[in-house]
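Student: Below is the structure, and that's it, no one-letter string:
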Ligand SMILES: Cc1ncc(COP(=O)(O)O)c(C=O)c1O
């Protein structure tokens, strides 16, 4: 938005729909990260009507710059004409059949060419779905049950069972998750380990030497790990003869157009992709070495829509376009500008915060003793009023351009002015017009 544009004053239709949904859909949204309580409830939009490039229009007719990028799924921009045209051409050929379509092989070959650990590939329709496939394969291939994990890996029983021991998911997902509906018999089959702590992982492997199938982890979060950490994990996996799985769903193809492996120089046995793989079309993939994956031919891993050609076509085109357009360098450049400019503004307004993290997904983190939730909520609330939809991090896509950057930085400066005054005058409570933001996905900010 420009300095003199009017503030967004109403998301009333969004909230009407949200109330209606609450009566019809348990939990109201399909994804917890789409709940308006994660932003500034009643002020940020809850329902979109259309999106293009880096912006969307909500059901009240407000237009927002979007730094959430479909919770990371959109990497080239909304409604990307090249991806969408290729999908439309596929639709004209039919999207699913009684037999397979050759583009399954085309995408498998493309992933194998790009991703260091990939010699064989299975498809899925989302990240949690693909993680569950990888875990089944790991257990089936090794004949062992226990899974050691770090990070978030979807909603399935194998993962949520961790919280049968209370609090195990607190620092990997968020606190307070009750594993209702997950068989208590799975208790003890899945064990967390803290990121960036090799000693802890080694002890855990020692203690579970006989029955560990795999280590699954998000290889990178918002920051790089200590030097040698990921290669240390690789060495431990080899020493204890367990499979190493990288969950690249959240990092995806933003670190490089081949994922994170070439950047960190560590090759796992399997890796999982979804989200940015297909620029917002439903798709997921498990890739891995022949040794890890071939035994899956004997396992019951099967679903009708995993052959759906819309997601597969979208994935092929997205991967190709990422390389043709050199999108990764554009995304990194945008992240660097955000970090530099916002850091300068933080200094200018003497605010207790840092804007840092990996170039493709920088974060803004306040570090006061208390009131963090209030400060975060005020920031998100005031950014939304200035037509910028954001959480406390920036999920960058290729279509975030100069106008999005300059409008966002203008909004950030206006909001920092408000925050500075609020902190000076003890007005935080008065200025927050909604309930304070509830805990976000912790894994995004370490
Ligand atoms: C690292 C990671 N794994 C798995 C998932 C689950 O993916 P989906 O929401 O597509 O099931 C996510 C989603 O945020 C993720 O970030």
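Tutor: Cool, got the structure. Since we're looking at a predicted model, the values are computed, not measured.

Student: what's the neighbour count on the residue in the chain that the ligand sits nearest to?
Tutor: Distance from the ligand to each residue of the chain (Cβ to the nearest ligand atom) is smallest for residue 127, at 2.2 Å. Yep, even glycine has a C-beta here, placed from its N, CA and C like the rest. Neighbour count of residue 127, defined by other Cβ atoms under 10 Å: 26.

Student: could you list every residue that touches it?
Tutor: Going by Cβ atoms under 8 Å, 6 or more residues apart in numbering, residue 127 touches 153, 154, 247, 249, 250, 272, 274, 275, 284.

Student: The last one contacts residue 274, correct?
Tutor: Yes - in this structure, residue 284 sits in contact with residue 274. The criterion is Cβ atoms under 8 Å, and the distance is 3.9 Å.

Student: so what sits against both of the two?
Tutor: When contacts are counted by Cβ under 8 Å, 6+ apart, residue 284 and residue 274 are jointly contacted by 124, 126, 127, 129, 130, 249.

Student: element containing the residue nearest to residue 306 when sequence neighbours are not counted?
Tutor: The shortest distance from residue 306 to any non-neighbouring residue, by Cβ to Cβ, 6 or more residues apart in numbering, is to residue 123 (4.8 Å). In this assignment (DSSP states H and E), residue 123 forms part of strand 120-124.

Student: average pLDDT for the helix or strand just after that strand?
Tutor: Downstream of strand 120-124, the next assigned helix or strand under DSSP H and E is helix 127-142. For helix 127-142, mean pLDDT rounds to 98.

Student: in whatever helix or strand comes next after helix 127-142, what's buried?
Tutor: Later in the chain than helix 127-142, the nearest helix or strand by DSSP H and E is strand 146-150. Neighbour counts over strand 146-150 (16 or more other Cβ atoms under 10 Å) mark 146, 147, 148, 149, 150 as buried.

Student: looking at this protein, which helix or strand is least sure?
Tutor: In the chain, no helix or strand scores lower on mean pLDDT, DSSP states H and E than helix 428-431, which sits at a mean of 93.

Student: Which other helices and strands does that helix contact?
Tutor: For helix 428-431, the elements it packs on are helix 372-385, helix 402-425, judged by 3 or more Cβ pairs under 8 Å, 6 or more residues apart in numbering; DSSP states H and E.

Student: which residues touch the shortest one?
Tutor: What that stands for is helix 372-385. 7-9, 39-40, 43-45, 64, 364, 366, 368, 389-392, 411-412, 414-415, 418-419, 422, 428-429, 431-438.

Student: how about that helix: buried residues?
Tutor: 373-385.

Student: export those to JSON lines and tack on pLDDT and distance to the ligand?
Tutor: Formatted as JSON lines, those follow (pLDDT from 0 to 100; distance: Cβ to the nearest ligand atom, whole Å):
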{"residue": "373", "pLDDT": "90", "distance to the ligand": "21"}
{"residue": "374", "pLDDT": "93", "distance to the ligand": "26"}
{"residue": "375", "pLDDT": "95", "distance to the ligand": "25"}
{"residue": "376", "pLDDT": "95", "distance to the ligand": "19"}
{"residue": "377", "pLDDT": "95", "distance to the ligand": "22"}
{"residue": "378", "pLDDT": "96", "distance to the ligand": "26"}
{"residue": "379", "pLDDT": "97", "distance to the ligand": "22"}
{"residue": "380", "pLDDT": "97", "distance to the ligand": "19"}
{"residue": "381", "pLDDT": "97", "distance to the ligand": "24"}
{"residue": "382", "pLDDT": "97", "distance to the ligand": "26"}
{"residue": "383", "pLDDT": "98", "distance to the ligand": "22"}
{"residue": "384", "pLDDT": "97", "distance to the ligand": "22"}
{"residue": "385", "pLDDT": "97", "distance to the ligand": "27"}
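
Student: Need the max-distance pair from those residues.
Tutor: Farthest pair in the buried residues of helix 372-385 (Cβ to Cβ) is 373 and 385. Separation: 18.6 Å.

Student: Off-centre distance for the helix or strand where residue 364 lies?
Tutor: If you go by DSSP H and E, residue 364 is part of strand 363-366. Computed by Cα atoms, centre = their mean, to the nearest Å, the chain-centroid distance of strand 363-366 equals 17 Å.
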